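**Student:** I'll drop the sequence and a predicted model, then ask my questions.
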Amino acid sequence: MTKSIASYTCQSCGYVSAKWLGRCPDCGSWNSLVEERRIAAPGDKSRVRREKVEATPLGAVSAEDAPRVVTSNAEFNRVLGGGVVPGSLVLLGGEPGVGKSTLLLQVAQGLQEAGRRVLYVSGEESAQQIKMRADRLEKGGAAGAADIYVLPESNLERILAAAEDVRPTDLIIDSVQTTYSDTLDSTPGSISQVRHVAGQLLNLAKSEGITVFLIGHVTKDGSLAGPKALEHIVDAVLYFEGERHHNHRIVRAVKNRFGAANEVGIFEMTAAGLMPVRNPSNLFLSESGATSPGSAVCCALEGTRPILVEIQALVVATQYGTARRTATGVEYNRVSVLVAMMEKRLGIPMAGCDIYINAAGGIEVDEPAADLAVFAAVMSSFRNRAVTPRTVLLGELGLSGEARPVSQVHLRLREAATMGFEACVLPAGNLPLLENVQGVELLPVRTVSDLSDLIFRT
């Protein structure tokens, strides 16, 4: 005889309690425990027959890379590490309206062009709405093609039955929070439902070799809705980043078992959908070419891709008793450290100045290699003198004012030379690693005291 067992599960971290609690003892969130019921299976678990399985020696396992399906979307291939891996489970998260469904509908078109059969399951839209979007994206023929199937359904058992009938090579679920299973007595989007749905789709992907794409919702604080266990289950986690008010979209690989993490793909939202950006450095450089006071250019690494970013600074006399510091696109604490170090090492009075820092284009620059550019932009705005045109700055700054070497300097210099930059201010510790560098003048710097003579050259 089966019986129902009630438990309380935290919707933020997945903590399970036998009774209701106002505050989760694991993650500390308030009013997050929700009652969920499960059916206890009859019988003694110790009497369950154990099936015999054979383990494979590690030396007998093939070392060849997993075959990949290269789509027509070059940026999406880059984020996944070179293409779609058959049998993988990919999670795509982002804010509402950022373009998750649009991107996967274009991916379905690319997979269909590669000879794949795609099943697009939507629990939020009807088949007519998907068709209308495909027509807006000028891909109405793809949506009506024989190898792309559309299923407006949110029940997991019916989705698995449709997948068994259609036999797709790729399955798209929009979204995992709206998909539910009849075997659980909880609401769709709850912790138990999300875990169960992801686990069943993982078994489908690994047993049948079907590539499964999951669309995930995002909470108010920007994190993926549901427990972190969902991110542990999937093979790749992709996040939409960037400002919603800009035309470009950034897709970042937070986790990837088949490629490099932190790899990014840059797209531009147009009437025909999300189009790959071939030259992202042009996107994040202003038309002024960083020739006005308070502007400096750095070369940031996003995954394996170097991107030139303009750092803008505005230094003005404060109107209040306490100076204000504001940073957009750059870490606030890092800016505070650099300003304090500037005042200590160079004797520049910054206590009575409001400082505003911005990374142009809405991109997030979080690596230490941008320290020299931030430092130079603040100094340029304070002195109201423009940095030498066509100069890029690379380097990390220590608290004593020394310039520390950066990694992957060859990739950064190659990108700077491609974009027409003529000089590069970099730490002196990187010079022994650079040989036969052509097209860019190397200006080594050891301390911040040497920086003023290099960036304000005539």
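**Tutor:** Structure's in. What do you need?

**Student:** So, low pLDDT: which residues of the stretch 51-200 of the chain?
**Tutor:** 63, 65, 138-146 (pLDDT under 70).

**Student:** for it, what spans make up the strands?
**Tutor:** Assigned by DSSP state E, counting those that start in this stretch, the strands in the stretch 51-200 of the chain fall at 89-93, 118-122, 148-151, 170-174.

**Student:** Figure out which of these is closest to Ala359.
**Tutor:** Closest to Ala359 of those is strand 89-93 (CB to CB; 22.5 Å). All C-beta spots, glycine's among them, are computed from the backbone N, C-alpha and C.

**Student:** Flag the shaky bits of the stretch 201-350 of the chain, pLDDT-wise.
**Tutor:** 219-229, 242-245, 286-290.

**Student:** Helices along that one, start to end?
**Tutor:** For the stretch 201-350 of the chain, applying DSSP state H, counting those that start in this stretch gives helices covering 229-233, 280-283, 332-346.

**Student:** Determine which stretch of those is the most buried.
**Tutor:** Among the helices of the stretch 201-350 of the chain, the stretch with the highest mean neighbour count (mean count of other CB atoms under 10 Å) is helix 280-283, at a mean of 20.

**Student:** Which strands or helices does that one pack on?
**Tutor:** In terms of contacts (3 or more CB pairs under 8 Å, 6 or more residues apart in numbering; DSSP states H and E), helix 280-283 is packed against strand 264-270, strand 305-317.

**Student:** any chance of these in JSON lines, with distance to Gly81 and mean neighbour count too?
**Tutor:** Formatted as JSON lines, the helices and strands packed on helix 280-283 follow (distance: least, CB to CB, whole Å; neighbours: other CB atoms under 10 Å):
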{"stretch": "strand 264-270", "distance to Gly81": "11", "mean neighbour count": "21"}
{"stretch": "strand 305-317", "distance to Gly81": "13", "mean neighbour count": "21"}
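
**Student:** Turn these into CSV, columns for distance to Gly362.
**Tutor:** Shown next, in CSV, are the helices and strands packed on helix 280-283 (distance: least, CB to CB, whole Å):
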stretch, distance to Gly362
strand 264-270, 11
strand 305-317, 10
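
**Student:** quick one on the thing from earlier: and the helices of the stretch 201-350 of the chain: which comes nearest Val34?
**Tutor:** Val34 sits nearest to helix 229-233 of all these, at 16.1 Å, using CB to CB.

**Student:** element containing Cys424, please.
**Tutor:** strand 423-427 (DSSP states H and E).

**Student:** Please compute how far that strand lies from its chain's middle.
**Tutor:** Mean-position distance between strand 423-427 and its chain equals 29 Å (CA atoms, centre = their mean, to the nearest Å).

**Student:** Same list (the strands of the stretch 51-200 of the chain) but as TSV, adding distance to Lys206 and mean neighbour count.
**Tutor:** Shown next, in TSV, are the strands of the stretch 51-200 of the chain (distance: least, CB to CB, whole Å; neighbours: other CB under 10 Å):
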stretch	distance to Lys206	mean neighbour count
strand 89-93	8	25
strand 118-122	17	24
strand 148-151	21	22
strand 170-174	13	26
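
**Student:** now those strands as a markdown table including distance to Val218?
**Tutor:** Shown next, in a markdown table, are those (distance: least, CB to CB, whole Å):
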| stretch | distance to Val218 |
| --- | --- |
| strand 89-93 | 6 |
| strand 118-122 | 18 |
| strand 148-151 | 24 |
| strand 170-174 | 14 |
